[in-house]
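Engineer: Could you work out the structure for the sequence below:
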Amino acid sequence: MSLIGESQVPDRSQANQDYPLSAVPLSDRKPIWSLAPLLMGFALTSTTLLAGGKLGSSLRFADMLWVMVIGNVALGSYCAALAYIAAKSGLSTVLMARFSFGAIGSRWVDFILGFTQIGWYAVTNAFIADALLKLLNLPESLEWFAIAFFTYAFCVTAYLGYTAMDWLSRLAVPAMLVLIALSLSIGFRDAGNLFALVPTQSIGFTEAIAVVIATFISGGTQATNWSRYADSTKNAVWSTLSAFMLINGLLIFAGAFCTLVYGTNDLIEAMAKQGLLLGGLILLILNVWTTQDNTIYAFSIAGSNFFRTSKRTAFVLGGSTFALILALGGIYGQMIPFLLFLGTVIPPVGGIIMADYWFSRKGSFPSLESPLPAFNWAGVIAYGVAAAIAQFSSATGFGIAPINGVVSAAVLYVILSRVLPSSLRA
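Structural biologist: From the prediction side, this is the model:
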């Protein structure tokens, strides 16, 4: 299927910064063997193991497998739908949001997406520093140095851009998959009859599915930063499904499996118990690096759009420094609940963008140079109501919060875009 970009000739000032304010031209698109490993590396993150651990301790093994399949199919489908739009238009999520939220209204999308990513960047750097000190039995006094080192080390490939992140993922993803397969094969030998194990906690079926979807739907909403580089919509969809359905599912399974067999949702700790400490350390570094460079890259794209500047690399360095301050200030305990809250209210953004693209604009965005209203009130109002619905669902356990947010946002946007006066929408 043909692709539509803003221009067939790359603007070198934009190209050198990975097109933060323009569509990726066809001349700079990438094949599936470039895009798929990059997205898979993004999805290979340790936090997903925690979700798997919750399921492993709360569900029978057979029920857990069903939850994983349903949840990851839903997550992968949502991310793949956005990937299709990104590949067709060449635009990132924050650029698409200009049409559905307005020139000024879209800055809210920049803020929540960017702040979520910089928050997780800080939290994860603090996590890996603490984990390595414990695994290597090093003094806690070195923690500040470890945090500072990883904060800037992990942003190097993001600073260099798509090509550097591409090559890191091509090398790291196969290595990580081999290490995970080796650990799981040893685990199956130690496991016994998994189907006979009785859970020690309980969780509702829909709540369990919500846990699976919530593991990476916030990141999946921003995966368009890379799927916009796809050389075809088919490759964008398959690359995204490989990351957000298969890889996310693998990590949830690994977290659940390790909890059942070794009493820990930490795959690295389980590998240490298996006598694979060196492999665990390699996996930990690669795992975090391929996620963290994507995370700070996503922040730089959101920051560039917020301030309407093409200097993306400045936001990589500035964001890393801000994350360092947060991490050294003890972000871990205070920030996670807020970041999880943002993860609940981010998915409606994707629902609105999809509704705007397919229903309001019939599968084609206008030029980014087209005049836009300051606020597209159909998007702003639909987002506010849908985010409240998603948060209510999360607090009460009514339905599946991320899906409720996406569906209600899309439906509300379609209705409002038809009933509101044209002066209040794009």
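Engineer: which stretches of the stretch 51-200 of the chain have low pLDDT?
Structural biologist: Per-residue confidence of the stretch 51-200 of the chain (counting by pLDDT under 70) places no residue in a weak region.
Engineer: all helices in it, in order from the N-terminus.
Structural biologist: In order along the chain, the stretch 51-200 of the chain carries the following helices (DSSP state H, counting those that start in this stretch): 61-89, 93-101, 106-135, 143-153, 156-160, 162-191.
Engineer: Quick check: buried residues in the last one?
Structural biologist: It refers to helix 162-191. When burial is assessed from 16 or more other Cβ atoms under 10 Å, helix 162-191 yields the following buried residues: 162, 165-166, 168-169, 172-173, 176, 179-180, 183-184, 186-187. (C-beta placed from N, C-alpha, C; glycine too.)
Engineer: Just send those residues back as JSON lines, with distance to Ser57 too.
Structural biologist: Conversion of these to JSON lines gives the following (distance: Cβ to Cβ, whole Å):
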{"residue": "Tyr162", "distance to Ser57": "39"}
{"residue": "Met165", "distance to Ser57": "35"}
{"residue": "Asp166", "distance to Ser57": "37"}
{"residue": "Leu168", "distance to Ser57": "33"}
{"residue": "Ser169", "distance to Ser57": "31"}
{"residue": "Ala172", "distance to Ser57": "29"}
{"residue": "Val173", "distance to Ser57": "28"}
{"residue": "Met176", "distance to Ser57": "24"}
{"residue": "Leu179", "distance to Ser57": "24"}
{"residue": "Ile180", "distance to Ser57": "20"}
{"residue": "Ser183", "distance to Ser57": "19"}
{"residue": "Leu184", "distance to Ser57": "18"}
{"residue": "Ile186", "distance to Ser57": "21"}
{"residue": "Gly187", "distance to Ser57": "16"}
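Engineer: And Ala230, its phi and psi?
Structural biologist: Ala230 has phi and psi values of phi -60, psi 140 when expressed as degrees, to the nearest 10.
Engineer: what about it, how many neighbours?
Structural biologist: A count of neighbours around Ala230, defined by other Cβ atoms under 10 Å, yields 30.
Engineer: Tell me how many other residues crowd Lys273.
Structural biologist: Look at Lys273: counted by other Cβ under 10 Å, it has 18 neighbours.
Engineer: The nearest residue to it once chain neighbours are set aside: what's it in contact with?
Structural biologist: Taking Cβ to Cβ, 6 or more residues apart in numbering, and ignoring the residues beside it in sequence, Lys273 has Tyr262 as its nearest neighbour in space, at 5.7 Å. With contacts defined as Cβ atoms under 8 Å, 6 or more residues apart in numbering, the neighbours of Tyr262 are 187, 190, 269-270, 273.
Engineer: Can you say which two of the residues you listed are spatially most distant?
Structural biologist: In terms of Cβ to Cβ, the contacts of Tyr262 reach their longest pairwise distance at Asp190 and Glu269, which sit 14.3 Å apart.
Engineer: Show me the residue at the heart of the protein, geometrically.
Structural biologist: Gly219 (1.4 Å; Cα atoms, centre = their mean).
Engineer: Touching stretch 179-187 from outside, list them.
Structural biologist: Outside stretch 179-187, the residues within contact range by Cβ under 8 Å, 6+ apart are 250, 254, 257-258, 261-262, 267, 270-271, 274, 276, 279-280, 282-283.
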